[in-house]
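Asker: coords please:
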Amino acid sequence: MPELVSHPIVFLVLTLFVMSAAAYFGSLLRRARPMADDMREDFGVVQSAALTLLALVIGFSLSMAVGHYDQRKNLEEEEANAIGTELLRAELLPAAQASEIRALLPQYAAQRISFYQTGDGDELQQINTATARLQSSLWTAARSGANAQPGPLSALAIAGMNDVINTQGYTQAAWWNHIPTSAWALMLIIGFFCNVLIGYGTRSSRPGRRLLMIMPLIVSISFTLIADIDSPRNGLIRVKPQNLMATAAAMPRQ
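Answerer: Sure, this is the predicted structure:
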């Protein structure tokens, strides 16, 4: 399920097919077992309750996806602030270590920008490897400077480097955080049966048959919007590393 949801366009096609099949199955069921007139009122109550439940589940999932998106966006800003702050605090260390950190931080910022922009799995693995290597080098330089010149000012530089590394870990955790598979299964099941009810309740006239596709389309688009927002790497709605790019552009060239 996570792999399928991470490709919103494919997910749109599949959900539209499934929901349309559910509506068509409902219409076939109506032809096989027509609804009695005295049942139509009770059927309307059940149909309305099911559609209300579907709307609540979609709204809850959309809120969850938007929350994840906002978290990723806020953490991108925190990463940029941490890198920019450490660039300034590096001056509190001895000249050799300060120069090394100022040379490594632009490379690190470039890797973080690439992390947000790439959609290729192999490239992402290379970015993560390079990021880990740069973090090790940055921490070694900061630690060496603090050992050579111990004091409260060096401690500020160490704390700033710790923030740089921590914010990257928080960002990675946020990108791994998605809507649970059980929530997706619940939405799909409720959406399927709601479309069966729509198909069963649609009249056999030509206008009724034309309206049969509206509900599957609406449900599929809603599911796709949630999947798109919750897919940070393959969706159309993505977090742009604007703060990181601004920070990288403001860094002095070595």
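Asker: can you point out the buried residues in the strand or helix carrying residue 190?
Answerer: Assessed by DSSP states H and E, residue 190 sits inside helix 181-201. Buried residues in helix 181-201, counted by 16 or more other Cβ atoms under 10 Å: 183-184, 186-188, 190-192, 194-201. Backbone N, C-alpha and C define where each C-beta goes, glycine included.
Asker: repeat for stretch 15-23
Answerer: 15-16, 18-20, 22-23.
Asker: sort out which one of those residues lies nearest residue 152 for me.
Answerer: Lowest distance from residue 152 to those (Cβ to Cβ) belongs to residue 15, with 57.8 Å.
Asker: spatially nearest residue to that closest one, not counting backbone neighbours?
Answerer: The shortest distance from residue 15 to any residue other than its chain neighbours is 4.3 Å, reached at residue 220 (Cβ to Cβ, 6 or more residues apart in numbering).
Asker: next up, the contacts around that neighbour.
Answerer: Shown in contact with residue 220 (Cβ atoms under 8 Å, 6 or more residues apart in numbering): 12, 15-16, 19.
Asker: among those, name the ones in strands.
Answerer: Among these, no member is found in strands (DSSP state E).
Asker: CSV for the residues you listed, including pLDDT and distance to residue 67?
Answerer: Formatted as CSV, the contacts of residue 220 follow (pLDDT from 0 to 100; distance: Cβ to Cβ, whole Å):
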residue, pLDDT, distance to residue 67
12, 89, 22
15, 92, 22
16, 92, 26
19, 92, 26
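Asker: now distance to residue 225 too, for the residues you listed, in CSV please.
Answerer: CSV is the format used below for the contacts of residue 220 (distance: Cβ to Cβ, whole Å):
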residue, distance to residue 225
12, 9
15, 11
16, 13
19, 14
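Asker: name the nearest of those relative to residue 127.
Answerer: residue 12 (28.5 Å).
Asker: ok, and what's touching the helix holding residue 190?
Answerer: Contacting residues not belonging to helix 181-201 are listed as 1-2, 5, 15, 18-20, 22-30, 35, 43-44, 46-47, 50-51, 53-54, 57-58, 61, 64, 212, 215-216, 219, 223 [Cβ under 8 Å, 6+ apart].
Asker: the same query, at a cut-off of 6 Å, please.
Answerer: 1, 19, 22-23, 25-27, 29-30, 47, 50-51, 54, 57, 61, 215-216, 219 (Cβ atoms under 6 Å, 6 or more residues apart in numbering).
Asker: and the residue nearest to residue 109 when sequence neighbours are not counted, which of the three is it?
Answerer: Nearest residue to residue 109, sequence neighbours excluded (Cβ to Cβ, 6+ apart): residue 248, at 4.2 Å. Residue 248 falls in the helix class when you classify it by DSSP: H, G, I helix; E, B strand; the rest coil.
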